[in-house]
Structure formats: C-alpha cells, structure tokens
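Asks: Just need the structure, nothing else, for what follows:
(chains A and B)
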Amino acid sequence: MIFVLQVLNGLTIGAIYILLASGLTIVFGLQGIVNVAHGVFYMLGAYLAIDLYPRIGFAATLVVVFLITGALGLVLELVGVRPLVRWKRHGMQVLVLTLGVAIIASEVTKLIWGPVPRLSEVPAALAGATTIGPIVYPTYWLFVMGFTALFMTLLALAFYRTTLGILVQSIALNSEIAQAMGTNAPRINSLVFALGTGVAGVAGVLAGPILSVYPTMCFDLLMILFVVVILGGLGSLLGIVVSGILIGLVNAFGVAYLTGTVGNILAFAVMIAVLIFRPLGLFGRAGILK
Amino acid sequence: MLTLDGVTAGYGDTTVLWDVSLDVRAGEAVALLGRNGMGKTTTLRAIMGLNPARAGRIAFKGRDITRLTPFQIARCGIGYAPEGRQLFAPLTVVQNLRIPFVNKHPDPRQWPAQLERVFALFPVLRERSRQHAGSLSGGEQQMVAIARALVGGDELLVLDEPTEGLAPTVVAAIVEGLRTLKAQGQTVLLVEQNAHTAFAVADRAYVLEKGRIALARATAELRHDAAAVQRYLGVDA
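Replies: Okay, here's the model as predicted:
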C-alpha cells in the first residue's frame, strides 16, 4: 500500500516537473538557449497564487497568473534574449543574463514577501481525499496529475496537428530554411517563450500547496529540472514526460525510504547513468540540437 | 523583376562574391553557371538574405530588399529551393508544402488548387503526399523542394542545383517540370553545374568565375561556343 502511495506521489511531483520542463525544452529546441530564469516564473506563480486565490478563486488565479508570467516572459525574450540571439550570442551570454535575472528576482521576492517559507492553501473545491479502491489519496494531488495529462495531450496535438505546430517544428529542425520559406521565426520564438513562462507560472500555482513556497525555490527546482530536460533529450516532448515521471518516482521513493538528500542524489545518478549510454538523453535527436 | 547591382558577399572573414550584377526579367528563365566554388550558391543566399550583401544593392520588383531579413524577402514573392534540398525530413510532404503556403500565399482558399498545381507538375508527389519527406528518394525529394518553392504563389523561383546527384531519368523528369513551368510564364533563376540542364531550360546565362561575372550570354549562343563552355564550365558542349 505504501508502495502504491509512493508511486502516486512520484507521479504528482513528476507532473509538476513535466509542466515546467515543457517550456524549457521547446525553447531550447527552437533557439538553442537555456533559460535559467525559468524557475522565476514558477516561483512568481506560487507567490501570486497565495495572494490571489482568496480574492478571485482558483480557476481565475490560474488564468491571471498565466497571463502575468507569460507577459513577463515575453518582455524578457524581447528585451534580453532576442538581441543576444540576433548577434549570434546564444549560449553563455543568455545563460548569464537569465541567471542574473533569477538572482535579482529571488532577492526581490525576499524583499516583498520575506525570507520565511509561505504556506499555500489547497483550493476548497479540491480539498479532502478521494477513495480509489483500497487507496485514499488527496484529491488535489490527483487533480494536478490530471491537469498535466490534459495539458500535455493538448500540447502534443497542437505541436503535431496544427499549422502553428508545424511552423514551430520547422524552426526547430532548421531555422534558416524555415525563414527562407517565409516563417517569421523571431515572432514565433517569442510567442513560444512566453507560453513556456506562462505555463511555468501555472505550475507554480499548482505546486504551491504541494511543495513549499520560499525565495530560493526558483534555484532548487531548476537543478532537478535540468536533470529532467537533459535525461529526456533536449528538445523532446516525449522525453520530458518519460524522464519527468522517472525522476518524480526516484525522488518520491528516495524521500520515503531514504532521505530527501538521497532522493536528489539518486536523480542525478540516474541522469549520469543514462547519459553514459545515451549521450543525447532518452529521446534526444542530433538534428534538433542545431 | 530581380536586379543585383554590384553585390559583394561572403562567409565570416572570407569574401566569396565580388561586385556581381545581374538581372532577371519577368517570364524569363536565367541560369547562373560556373564550376564548383565559384560563388553560385552564395549569390542565391545573398538574394535570400541568408548571407546578406556587404556592398551593392538587390532589388525585387523595384523594391530594395538588400537589408530585409530572410523571411521578409521570402514573403516578397521569392520561392527558394536550397542546395541539397533541405526538406524538413520528419514532416510529411504536405506539411513541408504547407509551411510556405501559410506564410506567403495571400488567399488561404487557394490551398487545394496550389497542391493540385504541383501534383500536376510532379504526379508522383500525389502518392507520396502523406509520407515523411525524409523517406523519399533523392529525385522525389528534389520535386518536393521545387514544389515547396512554388506553393507560396511566388513570382520568382530560385533553384539551387535542382538536378545535383540525380539519375539521368530523374533529371529528365525535373527538366520536363521546369520547362512546363517556364511555358506557364514562371520566372526562374537557376543555379546549375550541369550545363546541359541549364541549356534545356534557360533563355540566358551568366557564368561566374572566382566570384565575378565572367560572361553573360543567351543560352542559344553559349551552347554553340565550345571554347567558352570548355573554359568556364569544364565540359564539352
């Protein structure tokens, strides 16, 4: 029974990893950049939810946070990232720029909301537990899993079945030729970046009542997020689903049977072990790394 | 329709193209000839903005496009089939064609008509339409590359070595397709290493020699000038 509960815990944590990793991995696939500030939007979502939820309700909080973190992400892309990409300064410069943004955001968060971890409420409608056969499990945690499953299904449909999805794929495959075919790559890259940070904000809202909310959470989660994205194979959607679940499970079982620190060590050990045999990650393709 | 005036371009610190001037008039098929490494591909990349001109001016339909980005240039009405085909391999044939259509064609309702047009030109693509572009043969991929340059409803077709590395029967099918396009009044700028393909399609030819225009002639004349063909193209006429 404990075993089944740990599997569910792993899936719930994995669901949050997957939501966060989706934006990170697609942006990497498109522009070849790593946004270290991705966790900031997640943190912002979690903090905003604490203030917004009692006033406007849970569903409205999700929408408002998505719009705010999406808009801020758009500003970061247009003002910070795009000029660097245009001058062919993809790698280290974007890394340092977004790291700087993350450090500033973390300090500002401390100033506004204080250094003490805050508690986020479970929405009233999703409070309590659900009984599935012999298992009794928090309804909210099941909701988070369901939300991620629905989101990833819609994302995959959008990616593989819509015209915008095909344009996004063409940029990831060969940005130069996509543009020679008339694709406005800078605009689509900005849009995808903003959608990714918007989803990161939503993940923060969802994670608030499950993980703790504190000013350095944007860094703590980032490390594990890199494990998820690299283990899955940079730029691969299927990859982050599989590795998100895998790392979520490793984490849950590590925490349950050993300690939290060991859980994290195990996550990195799994990544290293996989990379030895598959340097591009579980589902990484050489082509998409261009 | 297209005018290059004193264009200089290159890669990094290397200049490949020196003071190149040429023009393509509406309804004309023009070939850009020359041996390997003479700057043919660079000329096309400069036109498309992929290697922006460092000096000189490029104009399309009277509009200066020298400083535009590649997607803006493509949207002016230039369809481009790059060297080595460069299809989006994991996407299907139809998806490959869909990309320039949604980006460039002014009328979304023309999609079925545009597909029919390229299927009429290269009938084998109709059977292959739902396959991944990467799974096609070299000749079929080249047909998709040409089709992809056409479906945007473009006024100028820019083709980089459309018969490179293909079997003679396939080359014949491609040449036939290009002649049909030409007969329909399509304006074409064609880079070729194979002089015979160029002579079969083009009205006029420019010859590039070490990044400069060495010769500009009507193909009807050039094909009978055995000395020039031997000197600049390294083949017997």
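Asks: Please determine how far the closest residue to chain B within chain A is located from residue A:265.
Replies: Nearest to chain B in chain A, going by CB to the nearest CB, is residue A:182, at a distance of 3.1 Å. Placement of C-beta: from N, CA and C, glycine included. Distance of residue A:182 to residue A:265, computed by CB to CB, to the nearest Å: 49 Å.
Asks: okay, those two: which has more neighbours?
Replies: residue A:182 (27 against 14; other CB atoms under 10 Å in any protein chain shown).
Asks: State the distance from the closest residue to that one other than its chain neighbours to residue B:35.
Replies: Nearest residue to residue A:182, sequence neighbours excluded (CB to CB, 6 or more residues apart in numbering or on different chains): residue B:103, at 3.1 Å. Per CB to CB, residue B:103 is found 34 Å from residue B:35.
Asks: Comparing those two, which shows the higher neighbour count?
Replies: Neighbour count, other CB under 10 Å: between residue B:103 and residue B:35, residue B:103 has more, with 20 against 15.
Asks: buried set for the helix or strand of chain B with the lowest mean pLDDT?
Replies: Among the helices and strands of chain B, helix B:226-228 carries the lowest confidence by mean pLDDT, DSSP states H and E, at a mean of 78. Judged by neighbour count (16 or more other CB atoms under 10 Å in any protein chain shown), helix B:226-228 contains these buried residues: residue B:228.
Asks: Wait, the residue of chain A closest to chain B touches residue B:76, no?
Replies: No. At 9.4 Å, residue A:182 does not count as touching residue B:76 under the criterion of CB atoms under 8 Å.
Asks: which ones are touching residue 228?
Replies: Going with chain A. A:17, A:18, A:20, A:21, A:240, A:243, A:244, A:247 (CB atoms under 8 Å, 6 or more residues apart in numbering or on different chains).
Asks: Hmm, no, I was thinking of chain B.
Replies: B:207, B:215, B:217, B:222 are the contacts of residue B:228 under CB under 8 Å, 6+ apart.
Asks: Which residues belonging to stretch B:45-54 are considered buried?
Replies: Quick answer for stretch B:45-54 (16+ other CB under 10 Å): B:45, B:46, B:47, B:48, B:49, B:50, B:51, B:52, B:53.
Asks: Same question for stretch A:247-264.
Replies: Using 16+ other CB under 10 Å as the test for burial, stretch A:247-264 gives A:247-256, A:262-264.
Asks: Tell me the one of these nearest residue A:107?
Replies: residue A:264 (24.1 Å; CB to CB).
Asks: what's near enough to touch the closest one?
Replies: A:223, A:224, A:251, A:254.
Asks: Go ahead and list the helix or strand containing it.
Replies: Counting by DSSP states H and E, the element that carries residue A:264 is helix A:260-277.
Asks: Check residue B:21 too.
Replies: Assigned by DSSP H and E, residue B:21 falls in strand B:14-24.
Asks: Centre of the chain to that strand, how far?
Replies: Distance of strand B:14-24 from its chain centroid, counting by CA atoms, centre = their mean, to the nearest Å, is 16 Å.
Asks: Return the alpha-carbon coordinates of it using PDB.
Replies: Backbone C-alpha positions of strand B:14-24 (Å, rounded to 0.1, in the frame of the first residue of the first chain) are rendered in PDB as follows:
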ATOM      1  CA  THR B  14      36.100  35.500 -46.400                       C
ATOM      2  CA  THR B  15      34.600  37.300 -49.400                       C
ATOM      3  CA  VAL B  16      33.300  34.900 -52.000                       C
ATOM      4  CA  LEU B  17      31.300  37.300 -54.300                       C
ATOM      5  CA  TRP B  18      32.800  40.400 -55.800                       C
ATOM      6  CA  ASP B  19      30.700  43.100 -57.500                       C
ATOM      7  CA  VAL B  20      28.100  40.800 -59.000                       C
ATOM      8  CA  SER B  21      25.500  42.500 -61.200                       C
ATOM      9  CA  LEU B  22      22.700  40.600 -62.900                       C
ATOM     10  CA  ASP B  23      19.100  40.900 -63.700                       C
ATOM     11  CA  VAL B  24      16.100  38.600 -64.300                       C
END
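Asks: Sheet partners, orientation included, of it?
Replies: Using DSSP bridges, strand B:14-24 pairs in its sheet with strand B:2-11 (antiparallel).
Asks: returning to that earlier point: packing partners for the helix or strand containing the residue nearest to residue A:182?
Replies: Using DSSP H and E, residue B:103 sits in helix B:93-104. When contacts are defined as 3 or more CB pairs under 8 Å, 6 or more residues apart in numbering or on different chains; DSSP states H and E, helix B:93-104 sits against helix A:163-173, helix B:70-75, helix B:111-121, helix B:138-150.
Asks: got the contact list for it?
Replies: Here helix B:93-104 has contacts from A:163, A:166-167, A:170, A:178, A:181-184, B:71, B:74-75, B:77, B:79, B:87-88, B:108, B:111, B:114-115, B:118, B:125, B:128-131, B:133, B:136, B:144, B:147-149, B:151-154, using CB under 8 Å, 6+ apart.
Asks: on that earlier part again, can you tell me which of the contacts of residue A:228 end up in helices?
Replies: A:17, A:18, A:20, A:21, A:240, A:243, A:244, A:247 (DSSP state H).
Asks: Just the pLDDT at the last one, thanks.
Replies: Spelled out, it's residue A:247. In this model, residue A:247 is scored at 91, pLDDT.
Asks: tell me the contacts of it?
Replies: A:14, A:17, A:224, A:227, A:228, A:231, A:267, A:270.
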